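> Return a 3D structure for these sequence lines:
(one chain, ligands or ions: 2)
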Amino acid sequence: MPREPKIAPSLLSADFARLADETARVASADWLHFDVMDAHFVPNLTFGLPVMKAVQAVSPVPLDCHLMIEDPERWAPEYAEAGARNVTVHAEACTDPRGVARDIRAAGALAGLALKPGTPLEDHLDVLVDFDTLLVMSVEPGFGGQSFISDVLTKVRTARRLVDAGDLTLIVEIDGGINADTIEQAAEAGVDMFVAGSAVYGADDPDKAIAALREQAAAAIRG
Ligand SMILES: O=C(CO)[C@@H](O)[C@H](O)COP(=O)(O)O
Ligand SMILES: [Fe+2]
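Ligands and ions are numbered 1, 2, ... in the order given. The predicted model follows:
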């Protein structure tokens with residue numbers, strides 16, 4: 001069975017004054033990507049747990065929380081308890097990645113590990129057995145609308161090989177600069193879940209943009 005590509009629009013590119021409407025506009029998405037930034041781990045500040053809970057209450061699709069924060073061990077389980085489907089922490093910010101994965105899972109969510117573009121996959125292979133998703137960042141975390149860094153596809157290919165060989169069980173997710181020009185190379189490299197912010201919310205019809213991206217990725221996987 002060929003992989004079925006999934007799309008997670010990033011709420012970072014939505015109109016923050018109309019969050020309920022903006023979640024409704026992407027009802028055909030697989031996950032809704034929720035970028036938490038703390039102005040310490042990254043040079044930007046977005047939203048946190050209270051806003052996540054408000055969005056969770058109205059979102060027609062499960063939340064995929066991407067925590068770009070220091071001290072993720074302190075906060076990640078609370079996002080899981082609040083009902084997120086997936087909670088991703090950054091490898092660069094974790095002191096105890098296995099512990100945080102265990103706590104996220106115990107609180108009922110999938111556990112994700114994110115890698116900045118310059119962070120080698122090999123440095124974290126040993127802990128990935130405890131995670132459900134691997135988020136490969138294809139831009140420097142902090143802002144939407146940046147250009148795709150194709151070098152990170154080497155990490156995607158390695159992760160795909162390990163998953164296909166049965167050595168790891170992971171959803172391979174990519175985040176940053178995904179659009180009609182870049183999604184095919186990411187799909188061919190082995191991505192399962194594509195985060196797309198500006199490409200979805202910048203479109204006149206976000207649901208149509210989701211369908212088009214999904215079909216483009218599916219066609220690339222079929223070859
Ligand atoms: O985590 C981040 C940025 O740090 C992303 O989730 C962006 O929100 C993706 O936006 P686009 O690059 O697709 O516009
Ligand atoms: Fe993100």
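
> What is the burial count for the residue of the chain found nearest ligand 2?
In the chain, the residue that lies nearest ligand 2 is His66 (3.7 Å; CB to the ion). Heads up, the C-betas are built off the backbone N, CA and C, glycines and all. Neighbour count of His66, defined by other CB atoms under 10 Å: 28.

> Could you confirm it falls within a strand?
Yes: counting by DSSP: H, G, I helix; E, B strand; the rest coil, His66 is part of a strand.

> Was I right to think it contacts Ala84?
No: contact criterion CB atoms under 8 Å: His66 and Ala84 do not qualify, at 10.1 Å.

> Now Leu11: closest residue in space, sequence neighbours ignored.
Distances taken as CB to CB, 6 or more residues apart in numbering put Phe34 closest to Leu11, at 5.6 Å, once the chain neighbours are dropped.

> Gly112 looks like it's in a helix, true?
No: counting by three-state DSSP, Gly112 falls outside a helix, being strand.

> Could you give the bridge partners of it?
Thr88, Thr133 (DSSP bridges).

> pLDDT score assigned to it?
What the model reports as pLDDT for Gly112 is 99.

> Equivalent analysis for Asp35, please.
99.

> which SS state does it fall under?
Relying on three-state DSSP, one would call Asp35 strand.

> Is it in contact with Pro9, as I believe?
No: at 11.1 Å, Asp35 and Pro9 do not qualify as touching, with contact defined as CB under 8 Å.

> Tell me the residues on this structure that lie near ligand 2, please.
35, 66, 175 (CB under 5 Å from the ion).

> For the chain, which segments are assigned as helices?
19-24, 49-58, 72-81, 97-106, 153-164, 183-189, 198-201, 206-222 (DSSP state H).

> Neighbours of the one residue in the chain that gets nearest to ligand 1, how many?
Relative to ligand 1, the nearest point of the chain is Gly197 (2.8 Å; CB to the nearest ligand atom). By other CB under 10 Å, the residues close to Gly197 number 25.
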